[in-house]
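Trainee: Model the structure of this input:
(one chain, ligands or ions: 1)
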Amino acid sequence: MTIQEGLKHVLDTMPSTVKLVAVSKFQPVSAILQAYAAGQRAFGESRPQELAAKAPELPDDIEWHFIGPLQSNKIKMVLPYATLIHSVDTERLLARIDRQAALADKIVDCLIQLHIAMEETKQGFPVQEALEQVPLFRDKYPNVRIRGLMGMASFVDDMEQVRGEFRTLKSAFDKLQPRFPLFDTLSMGMSQDYNIAIEEGATIVRIGSTIFGSR
Ligand SMILES: *Cc1c(COP(=O)(O)O)cnc(C)c1O
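Mentor: Purely as a prediction, here's the structure:
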């Protein structure tokens with residue numbers, strides 16, 4: 001499959017009300033330009049250096065999403081480009097983003113990442129902790145605007161397990177939504193599980209390999 005065909009396949013299998021972020025990590029600028037030429041505008045990157053290297057070489061109307069682990073000392077690399085940071089996985093990181101955003105005289109849209117998978121290695125706030133703490137972040141960090149939640153399901157073949165994890169995330173989303181003025185984004189679903197994520201209420205899916213091929 002070409003990139004154009006991969007993109008078309010994904011778009012044909014999702015409702016137009018769900019937003020597609022094409023995950024372009026490890027892909028060269030030329031591959032991103034092919035997806036761009038086919039009409040795709042939202043792209044996701046997971047490494048700050050890579051985003052900062054590629055974004056200036058690409059058209060200005062690309063909407064960049066930062067989806068990977070973010071160390072405090074790399075926030076400055078990400079802020080000039082990212083329209084949404086999906087991967088805020090600790091309060092410490094949120095506080096640092098808030099501070100850098102204030103220094104840059106910006107308000108930064110962020111998602112809080114929740115840990116919903118069985119694997120220990122996946123990042124994120126434990127669900128119960130998020131339900132207690134996230135409402136407090138609203139007034140505490142005025143230079144971030146918390147727009148919703150992000151999560152990654154377990155990497156398993158058992159799709160009922162995956163569905164259950166997405167339900168857990170959607171349920172946390174529904175509980176937190178009334179506490180924020182503009183809480184409208186639920187980022188869940190990747191190449192292997194985006195159909196289920198959409199059935200369970202995703203508003204953004206993050207898809208890499210189905211579009212660009214294996215990395
Ligand atoms: C790489 C990545 C994706 C895309 O994964 P694919 O399986 O290639 O679709 C989505 N979300 C995050 C956070 C990622 O790091």
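Trainee: Would you report the backbone torsion angles of Ile85?
Mentor: For Ile85, the backbone dihedrals are phi -100, psi 110 (criterion: degrees, to the nearest 10).
Trainee: Equivalent analysis for the one 3 residues further on, please.
Mentor: Backbone torsions of Val88, given as degrees, to the nearest 10, read phi -80, psi 110.
Trainee: can I assume it is in contact with Ile112?
Mentor: Yes: judged on CB atoms under 8 Å, Val88 makes contact with Ile112 at a distance of 5.4 Å. Just so you know, the C-beta spots here come from the backbone N, C-alpha and C atoms, and that holds for glycine as well.
Trainee: and for these two, which residues touch both?
Mentor: Leu94 (CB atoms under 8 Å, 6 or more residues apart in numbering).
Trainee: what sits against the residue in the chain that the ligand sits nearest to?
Mentor: Here the residue of the chain nearest the ligand is Gly208; by CB to the nearest ligand atom that distance is 2.8 Å. Applying CB under 8 Å, 6+ apart to Gly208 gives the contacts 22-25, 27, 44, 190-191, 215.
Trainee: mind redoing it with 6 Å?
Mentor: Val23 (CB atoms under 6 Å, 6 or more residues apart in numbering).
Trainee: check which helix or strand covers the most centrally placed residue in the chain.
Mentor: Compute the mean C-alpha point of the chain, and by CA atoms, centre = their mean the closest residue is His86, 3.6 Å away. When elements are defined using DSSP states H and E, His86 is found to belong to strand 82-88.
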